[in-house]
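K.L.:
Build me a model from this:
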Amino acid sequence: MQLNSLKKVFAILLQEHGAFFLLALFFIIAISFFFLGKLIANLETRTKFKERISSERADALKRSRAVLGGLAGEQLAPFLPGFPCNPCEARFIGKPVDFVAFCGAAEGMPINEILLIEVKTGGAALSEREKQIRDCVEKGRVRFCIYNVPEKNA
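P.N.:
Reported below is the predicted structural model:
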């Protein structure tokens, strides 16, 4: 009789707590899927971040090379074919234009023209400041002036 009553008690416990065990199992599975989803999303984010970093580094390297190539091109430009004047007549100033050239000065001749030369490499375009300078020159808004340094009164 004891064995029979033990079976009844066990059956009652399973019936009453079966729903609890199923609910607990459901929550465990749901929480597992939640954390698995977070883990997968985290891995995807890290992968995309690494790809983005790699891409941005490659782009930065490409731009850096372009800038260095442009700087080297600016310095070598007077010695390349098609430069608009004798390299000895050009003076590098860098900003806001690359060179000022005094045409005729190298041959000991009278200076017959002054050039403002901007060197561009690749597909580079004029900056807004360079366009403003070009427009001033084209409109004749260029002048020569003398500045006398004030003498110190003794």
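
K.L.:
Which secondary structure element is home to the residue most central in space within the chain?
P.N.:
With distances taken as Cα atoms, centre = their mean, residue 60 lies nearest the centre of the chain, 5.7 Å away. Element membership of residue 60, judged by DSSP states H and E, is helix 2-76.

K.L.:
Tell me the spacing between residue 106 and residue 113.
P.N.:
13 Å (Cβ to Cβ, to the nearest Å). C-beta here means a position set from N, CA and C on the backbone, and glycine is covered the same way.

K.L.:
likewise residue 44?
P.N.:
63 Å.

K.L.:
go on, residue 37?
P.N.:
As for residue 37, its distance to residue 113 is 72 Å (criterion: Cβ to Cβ).

K.L.:
re the thing from before, which one of residue 106 and residue 113 has more residues nearby?
P.N.:
Higher neighbour count among residue 106 and residue 113: residue 106, with 14 against 11, using other Cβ atoms under 10 Å.

K.L.:
which residues touch that one?
P.N.:
86, 88, 89 (Cβ atoms under 8 Å, 6 or more residues apart in numbering).

K.L.:
Report how many residues lie close to the last one.
P.N.:
In this case it means residue 89. Every residue meeting other Cβ under 10 Å relative to residue 89 is counted, giving 21.

K.L.:
Am I right that it is in contact with residue 109?
P.N.:
No - Residue 89 lies out of contact with residue 109 (Cβ atoms under 8 Å); the separation is 10.2 Å.
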